[in-house]
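> Have a look at this fold, sequence not included:
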């Protein structure tokens, strides 16, 4: 694998991990009831989606070249 593929896969894995972690925090916050955990979890999920979007964008840019 080349360096770009490794970075893309790392970014995708990081994004997916943030989404799962954020979902778990949000769920725990809803059960607990802890609004701070709900908000923190939502932020992590958003960050994870951003990582995935960036990785996809980089892939599309590479295909255009």
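It's in. Keep in mind that this is a model prediction, so the values were computed, not measured. Residues are numbered from 1 along each chain as shown.

> so the spatially most central residue of the chain is in which element?
With distances taken as Cα atoms, centre = their mean, the residue of the chain nearest its centroid is residue 48 (1.4 Å). Using DSSP states H and E, residue 48 falls within helix 35-64.

> For that helix, what does the pLDDT average out to?
Helix 35-64 comes out with an average pLDDT of 89.

> ok, and for it, which residues are buried?
37-38, 40-41, 44-45, 47-48, 51-52, 55 (16 or more other Cβ atoms under 10 Å). From N, CA and C alone the C-beta is placed, and that goes for glycine too.

> Include distance to residue 30 when you put those into TSV, please.
As requested, the buried residues of helix 35-64 are arranged in TSV below (distance: Cβ to Cβ, whole Å):
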residue	distance to residue 30
37	8
38	6
40	12
41	9
44	14
45	13
47	19
48	18
51	24
52	24
55	29
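
> and which of the residues you listed is nearest residue 25?
residue 41 (3.3 Å; Cβ to Cβ).

> thought the closest one was touching residue 22?
Yes - between residue 41 and residue 22 there is a contact at 4.4 Å, judged by Cβ atoms under 8 Å.

> coming back round to it: can you name every helix or strand that the helix holding residue 48 contacts?
helix 3-31 (3 or more Cβ pairs under 8 Å, 6 or more residues apart in numbering; DSSP states H and E).

> Report the angle between the helix it packs on and helix 35-64.
In terms of direction (axes from the mean of the first three to the mean of the last three Cα atoms, to 10 degrees), helix 3-31 departs from helix 35-64 by 160 degrees.

> Out of the buried residues of helix 35-64, flag the one nearest to residue 62.
Closest to residue 62, out of all of the buried residues of helix 35-64 and judged by Cβ to Cβ, is residue 55, at 10.9 Å.
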